[in-house]
Each structure stands twice: as structure tokens, then as C-alpha cells.
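> Show me how the following folds:
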Amino acid sequence: MGTILLIEDNERMARVLAQHMELEGHHVLVELSGEAGLETFRLHQVDLVLTDLKLPEKSGLDVLQAVKHEQPLIPVLVMTAYGSIETAVKAVKDGAFDFLQKPVDPEALLVTIGQALEKRRLVTENFLLKEELSRARSTTLIGQSHALTDTLEKARKVAAGTTTVLLLGESGVGKELFARMIHDVSPRKQGPFVAINCAAIPKDLLESELFGHERGSFTGAMGRKAGKFEMADDGTIFLDEIGDMDYGLQAKVLRVLEGDRFMRVGGTSKVKANVRVVAATNKDLQAAVAGQTFREDLYYRLNVFPIVIPPLRDRREDIPLLVEYFLAMYSRELKREGLTVSPEAMAMMRAHPWTGNVRELQNGIERAVILCDGLVILPEHIALRRLVRSRTEDLMPTGSLHEAGAAAARAVEARMIEQALRDTGGNKSKAAEILKVSYKTLLTKVKDYGLDKD
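A predicted model of the protein is given here:
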């Protein structure tokens with residue numbers, strides 16, 4: 001059953017057809033012109049459009065083209081008189097599901113509607129399945145280390161309720177995988193899992209992506225659009241890189257967390273969404289709060305149950321398992337079955353710091369499978385970044401344990417800055433972006449560590 005938009009300028013015929021469809025259990029919206037029909041289409045969630053070919057203001061072909069442009073998966077059925085069969089055939093070629101010749105047989109109409117809705121369901125499921133399969137390459141949490149299993153146990157415990165979760169950790173540690181696992185073992189597992197990267201979308205568009213918008217709310221808003229919170233109703237929304245969210249938008253997210261209601265951009269009425277929030281960041285939110293770039297009230301609302309995901313260097317015993325998993329995956333994908341890893345290459349990978357974590361390891365194995373000409377992956381196929389001794393070696397720790405800790409932290413920071421400058425060819429602006437610090441802060445640290453001396 002679904003919501004059907006019927007556009008027919010003959011009121012009597014529209015009433016008769018609507019009655020038949022409603023008896024079948026469908027909800028029917030009726031309009032008498034093409035212009036009014038498109039207006040209703042943009043204001044309501046519609047599962048199918050049934051339109052006459054000849055209509056006042058806008059024709060059925062105009063309706064078809066607009067619907068297919070705005071929501072391609074919505075099936076459109078076209079009704080036509082005998083003399084317009086040729087045009088109706090063209091409509092099918094332009095994307096209509098089918099056409100029905102007038103006078104319309106109500107029973108045949110119901111059968112065709114059922115077929116169209118079933119096809120839409122299958123196409124939608126197929127689309128979601130392909131999307132899920134595309135993620136399956138990296139949706140498995142691999143490892144047996146205490147660091148990983150302890151973190152997984154915390155995630156499983158919190159998954160049983162509706163508590164907001166904040167995932168903390170470096171880039172590449174698998175924060176989205178943890179968010180998916182929390183959803184998949186929760187009571188909401190039958191609902192949608194909707195992920196959005198807050199750092200990947202310009203701030204002037206992120207509000208619309210999160211909360212949706214109404215038609216005409218800004219240039220290019222041709223119709224109503226549901227946002228991620230609305231799409232995640234009865235499920236889970238994953239707000240990745242929330243530490244990069246614009247300060248002004250943070251207040252609107254806080255209101256949703258406190259009241260389960262929001263307004264679309266340009267809207268006047270509140271929309272309710274029963275959503276569990278899992279957020280993630282690789283930033284120090286406490287420092288961001290102190291620096292007034294992150295709201296303190298939102299921080300405490302998100303930080304109900306924080307989970308720190310360990311970096312790969314803290315669970316090195318998992319590296320062989322991860323190597324085996326990614327090697328099998330890329331061997332199948334690239335048709336290179338039978339590959340193995342030499343003991344030397346494995347030892348090198350176990351010793352590597354993996355600053356990019358599991359993502360860096362995954363990319364390294366994919367690259368190795370491509371580069372390897374034989375059946376054994378050797379150290380030269382891994383192409384790891386060489387650890388270069390440099391002037392930062394002078395920062396190695398000495399003295400008391402407290403002094404050693406401080407000096408070690410400075411040494412790591414200096415080496416990260418030196419590597420970023422090397423990777424960007426000395427471009428300090430790009431290096432600051434990579435390190436996620438301000439340009440002024442980077443200049444100060446470069447001078448402090450003596451990295452500006454060639």
C-alpha cells in the first residue's frame with residue numbers, strides 16, 4: 001500500500017478512480033491540473049503518480065519529466081485517450097512505468113499500481129543492497145587484542161539502550177565501523193543507519209543535509225527534501241567529524257538531542273524524529289570548548305558515554321589478522337589468488353607506526369597486491385614511508401619521568417610537523433590543514449622546534 005497522487009481534470013473520473021484505490025488500502029491525493037499536481041508532489045511524500053496526459057496548465061509529460069528529474073525512483077503511470085497512444089508510448093520511453101487507455105478499467109489499474117509499487121520496492125532494496133555491499137569492504141572489525149576486545153565490549157553494552165555515544169580516536173581507527181556495530185546489535189537494528197561526515201560538506205549546505213528543506217527555501221530548492229535526521233527515524237544517525245561542525249549549527253543539533261524535534265530549512269512546522277545519535281571526532285573537544293569553537297552544552301550532551309577507540313600501534317598483535325583479511329579481500333577483487341606475505345614484510349608491518357591506522361594498512365595491502373608480480377609480497381611491495389632521522393632527534397627525552405614524558409610529546413609533535421612539511425613540499429598552509437591547527441600556531445611551533453632552519 002502507498003500514497004498515490006492522482007492528477008485528473010475530470011472530477012467525476014478522479015473521484016471514481018480514487019474510491020477504487022482507497023478501497024484497496026491506498027491513500028490518494030487528488031489534483032485537477034498539472035501545476036497543482038506538481039505542487040502537491042513537492043509538499044508530500046508520494047509513492048506513485050497517476051496522471052492524465054492532457055491537463056490544464058502543465059501536461060502529463062511535463063509532470064512525468066518533473067517527477068523523474070526530482071525523484072527518479074517514483075513510478076509514474078500515464079492515462080491517455082485512444083488518439084494519444086503514440087504520445088503515451090513516448091512517455092514510457094521517457095520514464096513512465098506504463099500507460100493506461102481511457103476509459104480506465106479499475107481492476108487493471110490496481111494490478112498495474114501493485115506492479116509499479118513492487119518494482120519500486122525491489123529497485124530501492126537493490127540500491128540499498130549495493131550501497132551496503134560497497135561498504136562491506138571495510139565493515140568488519142578484525143582483531144583479538146585486549147585493547148580492541150575491551151572497547152568492543154563497552155560498545156556492545158551501550159548498544160542495548162538508547163544512550164548517545166561519542167566515539168573518540170585518530171583518523172582511520174574505524175569509528176564508523178563501531179557506530180555500525182552499535183546500531184546492528186541494538187534494538188533499532190531494523191531501522192535505518194544514516195551516516196554523514198560533518199567535515200566533508202560546506203557549512204552552508206550542512207544544515208539542509210541534516211534537517212532537510214522546503215521548496216523555495218533557497219536558490220535551487222525545487223521541492224521538499226528530507227534531511228538525514230528525518231531519514232534516520234526509528235534508527236541511528238552517525239555524525240562523523242562533529243568537531244568540525246559550524247558553531248552556529250551546533251545549537252540546532254543540541255535542540256534535536258534535547259527534544260527529538262526540528263524544523264526543515266525554510267519550514268514553519270516542527271518535524272519529529274525518533275533517532276539515536278552516535279557522534280565521532282578525532283579532535284580534542286574539551287580543548288575546543290576551552291577555545292570556544294565547540295559548545296560546552298553540546299559537548300556534555302554528546303559525552304554521555306564516550307568510547308576511545310585504540311590506534312593500531314596500541315594493538316599490534318592484530319596486524320597479522322588484518323593483513324590476512326585485506327590480502328584475501330584484494331586478492332579476490334584483483335584476481336590475484338594465492339598471494340602470501342613474506343616473513344620480512346610481515347615483520348616490517350608489525351614494526352611500522354601506522355599513523356594512518358587501519359585505513360593506512362588497508363591501502364598499503366591493496367597497493368602491495370597491485371605491485372607484486374609473483375606470489376609472495378616482499379618488503380619493497382609495501383611501500384611504507386621511511387622513518388627519517390632528523391634534527392628532531394635532538395628532542396629525545398632525558399631526566400625525570402615527568403620531563404621524559406614532556407620531551408617525548410614534544411618529539412612526536414615535532415616529527416609530525418616535519419613530516420607534514422615534507423609531504424607538502426614546505427607549504428605551511430597545507431601542512432596546517434593536515435595537522436588541523438591554525439597557520440599561526442604552526443609557525444610558532446616550527447620556530448620553537450627549529451624546523452625553519454635549513
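
> now residue 324, what's its secondary structure?
helix (DSSP: H, G, I helix; E, B strand; the rest coil).

> and what of the one 3 residues further on?
Using three-state DSSP, the three-state assignment for residue 327 comes out as helix.

> Next, the contact list for it, please.
Residue 327 sits next to 339, 341, 365, 369, 377 when contact means Cβ atoms under 8 Å, 6 or more residues apart in numbering. (Each C-beta comes from the backbone N, C-alpha and C, glycine too.)

> how about 7 Å then?
Listed by Cβ atoms under 7 Å, 6 or more residues apart in numbering, the contact partners of residue 327 are 339, 341, 365.

> From residue 314, how far off is the first one?
Pointing back at residue 339 there. Distance from residue 339 to residue 314, counting by Cβ to Cβ, to the nearest Å: 28 Å.

> Look at those two and report which has more neighbours.
residue 339 (19 against 13; other Cβ atoms under 10 Å).

> dump the residue contacts of the more buried one.
327, 331, 369, 372, 375, 377.

> And the pLDDT for the fifth one?
Looking at residue 375, its pLDDT stands at 92.

> Next one: it from residue 366, what distance?
17 Å.

> Neighbour count: these two, which is higher?
For residue 375 versus residue 366, neighbours defined as other Cβ under 10 Å are more numerous around residue 366 (17 against 10).

> neighbours around the closest residue to residue 370 other than its chain neighbours, how many?
Of all residues not flanking residue 370 in the chain, residue 334 sits nearest, at 6.7 Å (Cβ to Cβ, 6 or more residues apart in numbering). For residue 334, the neighbour count with other Cβ under 10 Å is 12.

> Could you do the one 10 residues further on as well?
For residue 344, the tally of surrounding residues (other Cβ under 10 Å) stands at 14.

> what helices or strands is the helix or strand that contains residue 369 leaning on?
Under the criterion of DSSP states H and E, residue 369 resides in helix 357-371. Applying 3 or more Cβ pairs under 7 Å, 6 or more residues apart in numbering; DSSP states H and E, we find helix 357-371 packed against helix 319-333, helix 379-382.

> Just put these in a markdown table and tack on distance to residue 162 and mean pLDDT.
As requested, those are exported to a markdown table (distance: least, Cβ to Cβ, whole Å; pLDDT from 0 to 100):
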| stretch | distance to residue 162 | mean pLDDT |
| --- | --- | --- |
| helix 319-333 | 32 | 92 |
| helix 379-382 | 44 | 88 |
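
> still on that earlier bit, orientation of the helix holding residue 369 relative to helix 319-333 in degrees?
Helix 357-371 runs at 50 degrees relative to helix 319-333, counting by axes from the mean of the first three to the mean of the last three Cα atoms, to 10 degrees.

> hey, C-alpha coordinates of helix 357-371 in CSV?
Extracted as CSV, the C-alpha positions of helix 357-371 are listed here (Å, rounded to 0.1, in the frame of the first residue of the first chain):
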residue,chain,number,x,y,z
ASN,A,357,45.9,3.4,11.4
VAL,A,358,43.8,0.6,9.8
ARG,A,359,43.0,2.7,6.8
GLU,A,360,46.7,3.1,6.1
LEU,A,361,47.3,-0.6,6.5
GLN,A,362,44.4,-1.4,4.1
ASN,A,363,45.7,1.0,1.5
GLY,A,364,49.2,-0.5,1.9
ILE,A,365,47.9,-4.1,1.3
GLU,A,366,45.9,-3.0,-1.8
ARG,A,367,49.0,-1.3,-3.2
ALA,A,368,51.2,-4.3,-2.5
VAL,A,369,48.8,-6.7,-4.3
ILE,A,370,48.9,-4.4,-7.3
LEU,A,371,52.7,-4.1,-7.3
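
> quick one: low-confidence ranges for the stretch 251-400 of the chain?
Within the stretch 251-400 of the chain, the segments meeting pLDDT under 70 span 383-400.

> In terms of helices and strands, where is the residue nearest to residue 423 when sequence neighbours are not counted?
Excluding the flanking residues, the one nearest residue 423 by Cβ to Cβ, 6+ apart is residue 434, at 7.2 Å. Taking DSSP H and E as the criterion, residue 434 maps to helix 428-435.

> cool, and residue 256?
helix 247-259.

> List the contacts of residue 238.
Residue 238 sits next to 176, 179, 193, 195, 278 when contact means Cβ under 7 Å, 6+ apart.

> Which ones among these lie within helices?
176, 179 (DSSP state H).

> now the contacts of residue 238 in TSV, with neighbour count and distance to residue 225?
Output for the contacts of residue 238, formatted as TSV (neighbours: other Cβ atoms under 10 Å; distance: Cβ to Cβ, whole Å):
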residue	neighbour count	distance to residue 225
176	19	24
179	24	24
193	22	20
195	18	18
278	31	23
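
> Of the contacts of residue 238, which is the nearest to residue 117?
Proximity of those to residue 117 (Cβ to Cβ) peaks at residue 193, which lies at 24.5 Å.

> Distance-wise, check residue 340 relative to residue 285.
43 Å.

> which of these two has more neighbours?
residue 285 (23 against 15).

> Hmm, residue 296 and that one touching each other?
No - checked against Cβ atoms under 7 Å, the pair residue 285 and residue 296 is beyond contact range at 9.6 Å.

> Which neighbours do the two have in common?
Common neighbours of residue 285 and residue 296 (Cβ under 7 Å, 6+ apart) do not exist.
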